[in-house]
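Engineer: Below is the structure, and that's it, no one-letter string:
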């Protein structure tokens, strides 16, 4: 009966650890403690695993942004050569938000801003 109790306890602990899993993690630290008690007739071993999850605090990177000079009438694709990458979420190029106005028919200096935010809210 004690063996059944230990097995059920381990299963419940396993489910509890899985239920607390956060998909926005960057690293996991696991600590395992094993306790063994013996007597003349029985031996019981139990293992407790505690998982600590670190939060994602790293900003995603926007790659390929450089100053560009174009001539009046030239074509200009605002996202050409631009990409975004996050250490947890992977490629985020499709999530890049572009702000700023430009006019390829009028000479001048224009500022275009690229931003991207990962699933953890880092930008």
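Structural biologist: Good, I have the coordinates. The structure displayed is predicted, hence computed values, not measured ones. Residues are numbered from 1 along each chain as shown.
Engineer: Please make it C-alpha for all contacts and neighbour counts, starting now.
Structural biologist: Fine.
Engineer: I'd like to know how many residues surround residue 93.
Structural biologist: A count of nearby residues for residue 93, using other Cα atoms under 10 Å, gives 17.
Engineer: close enough to count as contact, it and residue 84?
Structural biologist: Yes - if you go by Cα atoms under 8 Å, residue 93 and residue 84 touch, sitting 4.5 Å apart.
Engineer: Tell me, please, where in this structure the pLDDT is lower than the cut-off.
Structural biologist: Scanning the chain for pLDDT under 70 picks out 1-43.
Engineer: And the helices in it?
Structural biologist: Along the chain, counting by DSSP state H, helices occupy 2-19.
Engineer: Residue 118: neighbouring residues, count only.
Structural biologist: 24.
Engineer: scratch that, residue 108 is what I was asking about
Structural biologist: Applying other Cα under 10 Å, we find 9 residues neighbouring residue 108.
Engineer: From residue 75, how far off is it?
Structural biologist: From residue 108 across to residue 75, the span is 15 Å (Cα to Cα, to the nearest Å).
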